[in-house]
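>>> This is the structure alone, sequence omitted:
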Ligand SMILES: C/C=C/C(=O)SCCNC(=O)CCNC(=O)[C@H](O)C(C)(C)COP(=O)(O)OP(=O)(O)OC[C@H]1O[C@@H](n2cnc3c(N)ncnc32)[C@H](O)[C@@H]1OP(=O)(O)O
């Protein structure tokens, strides 16, 4: 099971469980998470959701094999598993807690912008390497990173695509708190347990009100980003980047305009 799904004490936990591939996310994994999120949203017994990975890796982002072989027409259209997952996450009316240890690459960082209580371990590393992959931001990262961190810091992270650490993520507002690695999961579980005990309608209403003003902009940004992302996925630069990754060499973009 590449996604471990557990339910206990009113909390649905989704855990990335593909460590041999650094928890890279396949279409099947997106579908599992989308289904679980949608079911949780309508199940009164679930009052909080926790998304986590392994102590050494949150996720290496989208599986690059999938990108290499499953692109083409409609690569990022609404029916695709990644879209189903992000829609289920973004639309989830219940509170979502994220606990990040190790690397959170690409969509691994983007998805945090759609969670509510986001915590990381001091070993966490964040990156949105879209430009390094011949791609562009996705699922409203071009909007939400800048809203959270300001334009210049967002531009540095999104244009250079370099990894940054836990403290910088905290200063950028991407995480609410940095914890010693050994304490992260218990802390996040404790925060989720607090949410479970609070009046569910109050939590749902608070979340809805906080997201209300950005909802239309997020929707519009996702549509604009994903149209371009979809086109770029089939581009020569992206192919070079994915191929170079698996050939364990640096990509050579000098031949492209
Ligand atoms: C819509 C969504 C968009 C996105 O999410 S775009 C982002 C896509 N993701 C990436 O570009 C990240 C690629 N991965 C990495 O940069 C590195 O990995 C890490 C920094 C995460 C970890 O580095 P290290 O600890 O040195 O591990 P390793 O040797 O690179 O990886 C171990 C095995 O895992 C496979 N793997 C890692 N990431 C992916 C991936 N994203 N898709 C498919 N496979 C991946 C490798 O190939 C390798 O495999 P083997 O042991 O056979 O050499």
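Cool, the structure landed. Keep in mind it's a predicted model, so treat the numbers as computed, not measured.

>>> Residue 152 - how many residues pack around it?
Close neighbours of residue 152, defined as other C-beta atoms under 10 Å, add up to 9. Every residue, glycine included, has its C-beta placed from N, CA and C.

>>> What helix or strand is it located in?
When elements are defined using DSSP states H and E, residue 152 is found to belong to helix 151-155.

>>> and the residue of the stretch 1-150 of the chain nearest the ligand?
Each residue of the stretch 1-150 of the chain has a distance to the ligand, by C-beta to the nearest ligand atom, and the smallest belongs to residue 106, at 2.3 Å.

>>> Strands of the stretch 51-200 of the chain, start to end?
In chain order, the stretch 51-200 of the chain shows strands spanning 57-59, 96-100, 103-105, 117-121, 125-127, 164-165, 177-179, with DSSP state E, counting those that start in this stretch as the criterion.

>>> Any chance of CSV for these, columns mean pLDDT, mean neighbour count and distance to residue 31?
What follows is the strands of the stretch 51-200 of the chain, written out as CSV (pLDDT from 0 to 100; neighbours: other C-beta atoms under 10 Å; distance: least, C-beta to C-beta, whole Å):
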stretch, mean pLDDT, mean neighbour count, distance to residue 31
strand 57-59, 98, 27, 15
strand 96-100, 99, 27, 18
strand 103-105, 98, 26, 20
strand 117-121, 98, 24, 24
strand 125-127, 98, 21, 25
strand 164-165, 98, 17, 30
strand 177-179, 98, 18, 31
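
>>> Show me which residues of the stretch 151-257 of the chain sit near the ligand.
Within the stretch 151-257 of the chain, the positions adjacent to the ligand are residue 245 by C-beta under 6 Å from any ligand atom.

>>> Could you tell me how many residues sit around residue 23?
Residue 23: 27 neighbours (other C-beta under 10 Å).

>>> thought it was touching residue 56?
No. Proximity of residue 23 to residue 56 does not meet the contact threshold set by C-beta atoms under 8 Å, at 9.6 Å.

>>> and residue 167, what pLDDT?
Note for residue 167: predicted pLDDT of 98.

>>> What is the burial count for it?
The tally of other residues near residue 167 (other C-beta under 10 Å) stands at 13.

>>> what's the angle from the helix or strand hosting residue 201 to strand 96-100?
In this structure, residue 201 sits in helix 200-233 according to DSSP H and E. Per axes from the mean of the first three to the mean of the last three C-alpha atoms, to 10 degrees, the angle that helix 200-233 makes with strand 96-100 is 60 degrees.
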